[in-house]
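Visitor: here's a sequence, model it:
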Amino acid sequence: MIAALAVTAALPAAAEFAAEVYRDDSITVRAGLQGSSSQYVHFGDVLVLIIAVSYDANSVSVQELDAALFTSAWPADRGALLLDWRVRSDAKSESRQKRVHATYRFQILGCPDDDTPTCPGDRDYLLPQFVLEYRDLNTAGDAARSIRFRPWPDTLTVSTTLQSDDEDQLFSFETYFPTGGYPDPLVGEDGTRTSVVTAGIALTLLMGGLFMWPFRSRTLEKTAADMPRWQQQLQSLREADTADDAHFFDALRRCLVWYCNDELQLDPFVWLDLAEPGNDAGDDRRYADLRSLFMDLLHNPAGQGVEFRQRLEKIISPAGRT
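Guide: Numbering: from 1, shown residues only. Sure thing, here's the model as predicted:
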């Protein structure tokens, strides 16, 4: 949910460093990315866009610098996710000059090209044109006018945080996550006393385990041992709450990856190197449905958790694998 906070305060000095992108007799607009001249931007970093407007409040009425001003110019489906926005205003009664300063915090989470599902390597984004409306109160009819401006600098380069190969393509999943995405084992120094205590505890647990062995539930033990990790994950998904889309789809993706690793001996992340689904070559054609589902899951299709789980079940069922 977008949070809107309106605060009356002095115009921050940061606005003075935003470039002037529009001026006429009635209104002046400054707009730019905060720290853009020195900031090294990575994919997913939180960025700040500044838009500052100065005008004579007795002669001009300006539309609110709200969330719609940002999302109408740069919507989420074009790569930018607005996190929150704030507005501060400063009115000087002696000069009748009013200044409004807005900051928009957002993330780059998509590719510059709408048709590209993945974009390894550095990405260049052309900042969109913003449209701001105002009314000249001294003009008959009070007609609305539109200002079009583009923040400066008008391009943004986002660097990848993942190493690429010589052809600027991603390596396999194991290259980036050698432990399968789990944390590395903890390593600590062990003193003589600690070793003795640890050995004593371990021996006690071992002997207790041996004594209790005949009383354990062999049925449950056999079920846990025989069930692959992807089946356990799938069983958890059947009982999981689908209200939290982010966690549900993350678990669903993990189930699909484990199934591909354990049952098919393939790494589904190599599919990201293929630009189009029709480019599957050789034996990969057998897994077209799995690859299509894998690519769809990368976009977190909201509200469709049950449908996508059923789609996975159908593909990996014995009938779906034939």
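Visitor: from here on, contacts and neighbour counts on C-alpha atoms
Guide: Fine.
Visitor: strands along this structure, start to end?
Guide: Listed in chain order, the strands of the chain (DSSP state E) span 3-8, 20-23, 27-33, 46-56, 60-62, 80-92, 97-108, 123-126, 130-136, 144-149, 155-158.
Visitor: where among these is the average confidence lowest?
Guide: When the strands of the chain are compared by mean pLDDT, strand 3-8 comes last with a mean of 36.
Visitor: circling back to that earlier point, winner for burial among the strands of the chain?
Guide: Mean neighbour count (mean count of other C-alpha atoms under 10 Å) peaks for strand 27-33 among the strands of the chain, with a mean of 22.
Visitor: paired strands for that one, with orientation please.
Guide: strand 20-23 (antiparallel), strand 46-56 (antiparallel) (DSSP bridges).
Visitor: quick one, which of these is nearest to residue 313?
Guide: Nearest to residue 313 among the strands paired with strand 27-33 is strand 46-56; the distance by C-alpha to C-alpha comes to 37.0 Å.
Visitor: give me the angle between the closest one and strand 97-108.
Guide: 160 degrees (axes from the mean of the first three to the mean of the last three C-alpha atoms, to 10 degrees).
Visitor: show me what strand 46-56 is in contact with.
Guide: Outside strand 46-56, the residues that touch it by C-alpha atoms under 8 Å, 6 or more residues apart in numbering are 15, 18, 26-34, 96-108.
Visitor: might you report the residue contacts of the closest residue to residue 60 other than its chain neighbours?
Guide: In space, and not counting its chain neighbours, residue 60 is closest to residue 136: 4.8 Å by C-alpha to C-alpha, 6 or more residues apart in numbering. By C-alpha under 8 Å, 6+ apart, the contact set of residue 136 is 26, 59-61, 142-145.
Visitor: residue 18 and residue 47, how far apart?
Guide: The gap separating residue 18 from residue 47 is 14 Å, by C-alpha to C-alpha, to the nearest Å.
Visitor: next up, the contacts around the closest residue to residue 45 other than its chain neighbours.
Guide: Among residues not flanking residue 45 along the chain, residue 107 sits closest, at 5.9 Å (C-alpha to C-alpha, 6+ apart). Shown in contact with residue 107 (C-alpha under 8 Å, 6+ apart): 43-47, 80-83.
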